[in-house]
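S.K.: okay, predicted coordinates and the sequence, questions at the end:
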Amino acid sequence: MYKKRNSNKKRSQSNFAKLSIFQPNKYKFKKSCPLSIKGAPVVDYKNIKLLKKYTSENGKILPSRITNVSQKKQRELSLSIKRARNLALI
């Protein structure tokens, strides 16, 4: 007379639950460093055009998470920007 409910079966999720913003992102892609690829310009304190791309309007050095620069190249960039500031090139 009573219907038995199968409590062992998983309930299907709605589309809303599948598209939730709280679920982890499955599609991660690797960002490539624009200064490490073939034919990239050399990071130097005399290359003012390149250094201005990696500084803000106020003259601050942009972080690597924004510019997608590798750690090694970020260190070179920051050193060359500081040198250019000291020589009043920037």
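M.R.: Cool, got the structure.
S.K.: Ser64 and Ser70: what is the separation?
M.R.: Remark: distance between Ser64 and Ser70 (C-beta to C-beta, to the nearest Å) = 7 Å. In short, each C-beta sits where N, CA and C put it, glycine included.
S.K.: between the two, which is the more surrounded one?
M.R.: Neighbour tally, Ser64 and Ser70, criterion other C-beta atoms under 10 Å: the higher count belongs to Ser64, 18 against 15.
S.K.: now that one: closest residue in space, sequence neighbours ignored.
M.R.: Of all residues not flanking Ser64 in the chain, Gln74 sits nearest, at 4.4 Å (C-beta to C-beta, 6 or more residues apart in numbering).
S.K.: show the end-to-end separation of stretch 47-56, please.
M.R.: Start-to-end span of stretch 47-56 (C-alpha to C-alpha, to the nearest Å) is 16 Å.
S.K.: list the buried residues for that stretch?
M.R.: Neighbour-count burial for stretch 47-56 flags 50-51, 54-55 (criterion: 16 or more other C-beta atoms under 10 Å).
S.K.: for the record, mean pLDDT for that stretch?
M.R.: When pLDDT is averaged over stretch 47-56, the result is 94.
S.K.: who's in contact with it?
M.R.: 41, 43-45, 61-62, 67, 69, 77, 80-81, 84, 89-90 (C-beta atoms under 8 Å, 6 or more residues apart in numbering).
S.K.: kindly recompute the last result at 7 Å.
M.R.: Taking contacts as C-beta atoms under 7 Å, 6 or more residues apart in numbering, the residues outside stretch 47-56 that touch it are 41, 43, 61-62, 67, 77, 80-81, 84, 89-90.
S.K.: what is the mean pLDDT for stretch 65-85?
M.R.: 95.
S.K.: put the alpha carbons of that stretch into CSV.
M.R.: This file holds the C-alpha atoms of stretch 65-85, laid out as CSV (Å, rounded to 0.1, in the frame of the first residue of the first chain):
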residue,chain,number,x,y,z
ARG,A,65,48.8,38.9,-11.4
ILE,A,66,47.5,41.8,-13.5
THR,A,67,50.3,41.8,-16.1
ASN,A,68,50.7,38.0,-16.3
VAL,A,69,54.5,38.3,-16.0
SER,A,70,56.5,35.4,-14.6
GLN,A,71,58.3,35.8,-11.2
LYS,A,72,61.7,36.0,-12.7
LYS,A,73,60.8,38.6,-15.2
GLN,A,74,58.8,40.6,-12.6
ARG,A,75,62.0,40.9,-10.5
GLU,A,76,63.9,42.1,-13.6
LEU,A,77,61.1,44.6,-14.4
SER,A,78,61.0,46.1,-10.9
LEU,A,79,64.8,46.4,-10.7
SER,A,80,64.9,48.1,-14.1
ILE,A,81,62.0,50.5,-13.3
LYS,A,82,63.7,51.5,-10.1
ARG,A,83,66.9,52.2,-12.0
ALA,A,84,65.1,54.2,-14.6
ARG,A,85,63.5,56.3,-11.8
